[in-house]
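have a look; sequence and predicted model below, questions after that.
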Amino acid sequence: MTAPIKLSDVRNIGIMAHIDAGKTTTTERILYYTGRSYKLGEVHDGTAVMDWMEQEQERGITITSAATTCYWHEKKINIIDTPGHVDFTVEVERSLRVLDGVVAVFCAVGGVEPQSETVWRQADKYSIPRIAFINKMDRVGANFDRCLTMITDRLGARPLPLQLPVGKEAEFTGIIDIIEEKMLLFDERTLGQEITEQDVPAEQRDRLTAARMILLEKLADFDEGIMEKYLSDTAVSTTEIYQALRKATLSLEVVPVLCGSAFKNKGVQPLLDAVVRYLPSPIDVKDVDGVDADGAIVCRRSDPKEKLAGLVFKLMSDSFVENLAFIRIYSGTLSVGDKVYNPLKKKQEKIAKLMKMHANKREEVSTIEAGDIGAIVGLKFTTTGDTLCAKGDHIVLEQMDFPDPVIGVAIEPKSKAEEKKLTDTLAKIALEDPSFRVSSNTDTGQMIISGMGELHLEIIVDRLLNEFKVGANVGKPQVAYKETIEQRGRGEGRFDQQTGAKGQFGHVVIDIEPLPRGSGVNFVSAVDPQLIPAQFLGAIERGVVDSLDSGPLVGYPMTDLRITLVDGSYHEEDSTEMAFGVAGAMAIRRATAEAEPKLLEPVMHLEVITPEDYLGDVIADLNSKRGRVIGVAAEGTLQILKAHVPLAEMFGYSTALRSATQGRANFTMQFYEFDVVPKSRAELIIKKIRGI
C-alpha cells in the first residue's frame with residue numbers, strides 16, 4: 001500500500017461475542033483473505049495468529065484482546081479480536097472504548113448467549129454501530145431465523161438480514177445476497193478463496209422476494225427516497241439501498257445481519273465487504289470530547305493537523321520487552337521523538353518508539369495519525385485510561401470504568417530470594433490488567449491477589465509460574481467480600497500531639513449513613529469554613545477514604561455509605577494536613593463501629609441450560625446453595641434457568657452440575673451485585689477469618 005490512506009478509508013473495528021461463537025476463527029479468515037496471513041490459523045490446533053499467548057493456545061480461548069491491521073479493497077481495517085469469557089470482560093470494555101464499529105458474532109446454534117448480552121450492552125454504552133455475523137451455519141442445530149428472533153427479543157435490537165443461508169447444517173453450501181439478488185457459493189478446494197456467483201434458483205426466488213420486500217420496507221422507515229419508490233412500486237437501485245443501509249447503521253437504527261461458517265471458509269469475504277460498506281470511518285463518528293485544565297468541555301476533530309489527543313486503552317508487558325502502551329489517536333499526529341504530556345499524571349513522556357501491531361508481532365513506524373491505533377514502547381508514567389496530548393496543552397478524554405474483583409487467592413514466594421521478583425511481577429501484571437488487584441491482609445500479613453473469576457486467577461498464576469518463572473505457592477480461591485453499614489453513626493476524631501516547638505492538631509466530627517447497593521463511597525463537607533478551613537478538607541477526605549480500605553468486621557473494604565463532615569476545630573499555629581488526616585481516620589473508625597457494620601458478598605447471575613429431565617435436580621441443588629431462581633424458559637427440548645447465587649457457594653459448580661445431569665447441562669455465570677450476607681452465615685465467616 002504505497003498511496004497514503006485517506007481517513008474516510010480507515011475502519012477501526014472489534015470482533016466481539018460469547019465464548020465459542022467463533023470470533024478468533026472469523027478473524028483468522030479475515031487475515032487470510034486480506035493477505036495478512038499466508039496460511040489459515042486454527043484455534044483448536046493452537047495455531048491461531050490472534051491467540052498468541054501460550055495459555056490461549058492450551059485452552060483454545062481468547063484471553064487478551066489482540067490488535068492487527070489488514071487491507072480490503074483499498075480500505076485499511078484495524079481489528080481488535082476480544083475475549084468472550086466473562087472473566088475477561090474488562091478486555092472488551094477497554095477495546096470498545098476506542099473502536100468505531102463492531103462485528104458481533106453469534107453461534108447459529110446457541111444464538112444470543114449471556115456474554116453476548118453483556119458485550120452488546122457495553123457497545124450500547126459507547127453507542128457503537130454494529131454488524132451481526134451468524135456463524136457456524138454448518139453445525140447441527142443451526143437456525144438462522146431463531147437467531148434473528150433472539151437478537152430482537154434479548155438485545156432489543158433491529159436486525160436486518162442482508163443474506164439468506166442456502167441449506168443448513170451439513171447441507172449449508174452458500175448464501176443468497178438479498179441486495180444484489182445473487183447466490184454466492186464458496187469453493188472448498190481453494191479454502192473459500194474462489195467465489196462463484198450464480199442466479200438464484202427458481203425454488204429460492206419466493207424466499208428472496210419476500211426477504212427483499214422486508215428489507216425495503218424497513219429501510220423506507222429511515223430513508224425518504226426509498227419510501228417514495230417503495231410506495232409507488234418503483235425499482236430501488238442497489239446503490240440507494242447501500243447508502244440508506246449505511247446511514248441507518250451509523251445512526252444505530254438497524255443492525256445488518258450476515259451469515260456463514262468461518263471454520264468452513266464460507267461467508268467471510270461478504271462480511272469484509274459489509275465492514276467497509278456500513279461501519280464508520282473515524283470521520284463518521286462524532287468528534288471526541290474532553291475536558292481542559294479548568295473543567296470546560298473541549299472538542300477535537302479527527303484530523304492529523306489538529307492538536308494531539310490520544311487515549312491509552314491497554315498496557316501489555318512480557319518478560320522480554322519494556323511496556324507496550326496501545327493508543328488510539330483521536331486527533332493530531334504522534335511521531336517518534338515527540339515530547340507529549342499526560343495531564344492525569346501531570347508528567348511529560350518521550351516517544352522513543354512507535355509500533356503497529358499484528359497480534360504479538362511488531363512493526364516499527366515513524367508516526368501514528370488521527371483515526372489510527374498503534375503502540376508506544378517504554379512509557380514511564382502512563383497507565384490504562386490515560387490521555388496523551390501535546391506538550392503545553394491540556395485535554396483529558398473520558399476515562400474507563402473497571403469492575404471490582406470478586407474472588408481472591410493468597411500467594412507467597414517459595415523462598416526469600418523470590419520475594420522481590422514476585423512483588424515486581426505482580427505489579428507489572430496489575431499495571432496491564434485493571435481488573436486485577438494485589439493487596440495485603442493486615443491481620444495475617446498474607447499477600448492476596450484478586451480478579452474477576454476462577455479462570456482469571458488461574459491464567460494469572462499460570463503466567464507467573466511459566467511465563468515470568470516466579471516460584472510461588474498459591475492458596476485456594478477465596479471470595480472477595482466487602483463491608484457496609486446498616487444504620488447511621490457518628491464519630492469524633494481528635495489528634496493533638498505536642499512535640500517540641502510546633503505541635504500537631506486536628507479535630508473532626510463526621511456522620512455516616514448507608515446508601516443503596518452499588519453507590520460506592522460519597523464524601524461531603526457540611527462544616528463551616530470558620531471551624532475547619534477549606535485547605536484541610538482534602539486531607540480529611542483522604543484520611544477517611546483510605547481508612548475505608550479496611551472495615552471494622554474483618555478488614556474488607558467498605559462501600560455504599562455517605563460520609564458527612566459536620567463539625568470540628570483547628571488551631572491557627574499547630575493544625576496540619578497530616579493531623580487532620582489522622583483525625584479523619586480516627587473518626588471514621590469510631591463511626592463505622594457503632595453503625596452496625598455488615599458483611600457483603602458478591603452474588604452472581606447464573607444461567608443454566610439443561611435437558612428438562614434434570615431441571616428439578618438443578619433447582620434443588622441451587623436452593624441448597626442459597627440460590628434464588630428468577631426464571632425458567634423452555635427452548636425446544638432444553639430448559640433455560642436463570643438464578644442469582646452467592647459466589648461463595650459456586651466453587652466447583654462445574655463438576656457438580658456435570659455429575660447431576662450426566663454431563664448434559666452447561667452454565668454461564670457473571671457478577672450481578674453485592675448483597676448482605678445472612679447473619680448466621682456472616683458469623684461463621686467472621687469467626688473463620690479471625691481464626692476463632
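Thanks, I have the structure now.

can you give me the strands for the stretch 301-450 of the chain?
Counting by DSSP state E, counting those that start in this stretch, residue ranges of the strands within the stretch 301-450 of the chain are 309-316, 324-331, 333-335, 339-342, 347-350, 353-358, 361-365, 367-369, 373-377, 387-390, 396-397, 407-413, 437-440, 447-451.

closest one to M650 among those strands?
When those are compared for distance to M650 using C-beta to C-beta, the nearest one is strand 407-413, at 9.7 Å. Any C-beta I mention is one placed from the backbone N, CA and C, and that applies to glycine too.

quick one: that closest one to strand 447-451, angle?
With axes from the mean of the first three to the mean of the last three C-alpha atoms, to 10 degrees as the criterion, the two stretches strand 407-413 and strand 447-451 enclose an angle of 140 degrees.

strand 407-413: partners in the sheet, and parallel or antiparallel?
The partner list of strand 407-413 in its sheet, established with DSSP bridges, is strand 447-451 (antiparallel), strand 472-474 (antiparallel), strand 478-479 (antiparallel).

and it, what's buried?
Judged by neighbour count (16 or more other C-beta atoms under 10 Å), strand 407-413 contains these buried residues: 407-411, 413.

one step back: out of the strands paired with strand 407-413, flag the one nearest F495.
Nearest to F495 among the strands paired with strand 407-413 is strand 447-451; the distance by C-beta to C-beta comes to 30.1 Å.

next SSE after the closest one?
Using DSSP states H and E, the next helix or strand after strand 447-451 towards the C-terminus is helix 454-462.

would you confirm that T25 contacts A262?
Yes: contact between T25 and A262 holds when scored by C-beta atoms under 8 Å: they sit 4.5 Å apart.

who touches both of these two?
Where contact means C-beta atoms under 8 Å, 6 or more residues apart in numbering, the residues bridging T25 and A262 through contact with each are N135.

beyond the helix or strand hosting E203, next helix or strand please.
For E203, the host element (DSSP H and E) is helix 202-220. Taking DSSP H and E as the definition, the helix or strand that follows helix 202-220 towards the C-terminus is helix 224-231.

contact partners of that following helix?
Applying C-beta under 8 Å, 6+ apart, the set of residues contacting helix 224-231 from outside is 216-217, 219-221, 234-236, 240-241, 244.

just the CA trace of that helix, in PDB.
Only the C-alpha atoms of helix 224-231 are listed here, as PDB (Å, rounded to 0.1, in the frame of the first residue of the first chain):
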ATOM      1  CA  GLU A 224     -37.500   9.200   2.300                       C
ATOM      2  CA  GLY A 225     -36.200   8.400  -1.200                       C
ATOM      3  CA  ILE A 226     -36.700   4.700  -0.700                       C
ATOM      4  CA  MET A 227     -40.100   5.400   1.000                       C
ATOM      5  CA  GLU A 228     -41.300   7.200  -2.200                       C
ATOM      6  CA  LYS A 229     -40.100   4.500  -4.500                       C
ATOM      7  CA  TYR A 230     -41.400   1.700  -2.300                       C
ATOM      8  CA  LEU A 231     -44.900   3.300  -2.100                       C
END
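
that's a strand at T69, yeah?
Yes: in this structure, T69 lies within a strand as judged by DSSP: H, G, I helix; E, B strand; the rest coil.

pretty sure it contacts I77?
Yes: the pair formed by T69 and I77 meets the contact definition of C-beta under 8 Å, at 7.0 Å.

pull out the buried residues from stretch 490-500.
Buried, per 16+ other C-beta under 10 Å, within stretch 490-500: 490-491, 493-495.

got CSV for those residues, with distance to T367 too?
CSV is the format used below for these (distance: C-beta to C-beta, whole Å):
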residue, distance to T367
R490, 59
G491, 56
G493, 55
R494, 59
F495, 55
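
got the angle for the strand or helix carrying K247 vs helix 224-231?
Following DSSP H and E, the helix or strand that holds K247 is helix 238-250. Interaxial angle of helix 238-250 relative to helix 224-231 (the same axes, to 10 degrees): 120 degrees.

who touches helix 238-250?
Surrounding helix 238-250, the residues in contact under the criterion C-beta under 8 Å, 6+ apart are 129-131, 160, 162, 179-180, 215-216, 219, 222-223, 225-226, 229, 254-256, 277-280, 284.

if you count neighbours, what's buried in stretch 629-648?
Taking 16+ other C-beta under 10 Å as the neighbour-count basis, stretch 629-648 is seen to contain the buried residues 629, 638-639, 641, 643-648.

among those residues, name the ones in strands.
The strands, defined by DSSP state E, take in 629, 638-639, 641, 643-646 from the buried residues of stretch 629-648.

farthest-apart pair in these, please.
The most widely separated members of those are L638 and P646, with 25.6 Å between them, by C-beta to C-beta.

now do the helix holding K247: distance to the chain's middle.
Relative to the chain's own centre, helix 238-250 is displaced by 30 Å; criterion: C-alpha atoms, centre = their mean, to the nearest Å.

show me what counts as buried in that helix.
Across helix 238-250, burial judged by 16+ other C-beta under 10 Å covers 240-241, 243-246, 248-250.

so what touches the very next helix or strand once past that helix?
The element immediately downstream of helix 238-250 (helix or strand, assigned by DSSP H and E) is strand 255-259. Under the criterion C-beta under 8 Å, 6+ apart, residues 104, 108, 130-135, 137, 144, 148, 151, 157-165, 175, 245, 249, 267, 270-271, 274, 278 lie in contact with strand 255-259.

make it 7 Å
130-134, 137, 144, 148, 151, 157-163, 165, 175, 245, 249, 267, 270-271, 274, 278 (C-beta atoms under 7 Å, 6 or more residues apart in numbering).

stretch 609-626 now?
Stretch 609-626 is contacted from outside by 608, 629, 637-641, 643, 645-646, 649, 656, 660-661, 664-666, using C-beta under 7 Å, 6+ apart.

correct me if wrong: F667 contacts A656.
No: with contact defined as C-beta atoms under 7 Å, F667 does not count as touching A656 (10.3 Å).

to D9, which of the strands of the stretch 301-450 of the chain lies closest?
Checked against C-beta to C-beta, the stretch from the strands of the stretch 301-450 of the chain lying closest is strand 367-369, at 12.6 Å.

list the neighbouring strands of the closest one plus their orientation.
Partners of strand 367-369 in the sheet, by DSSP bridges, are strand 333-335 (antiparallel).

quick check: mean pLDDT of the partner strand?
In this model, strand 333-335 carries a mean pLDDT of 93.

list the buried ones in it?
333-334.

show me the contact partners of that strand.
Outside of strand 333-335, the residues that reach it under the criterion C-beta under 7 Å, 6+ apart are 304, 308, 310, 351, 354, 366-370.

between F667 and A656, which is the more surrounded one?
Using other C-beta atoms under 10 Å, the more surrounded residue of F667 and A656 is F667, with 18 against 14.

identify the bridge partners of the more buried one.
Residues found in beta-bridge contact with F667 (criterion: DSSP bridges) are V608.

quick one: it from V618, how far?
Between F667 and V618 the computed distance is 9 Å (C-beta to C-beta, to the nearest Å).
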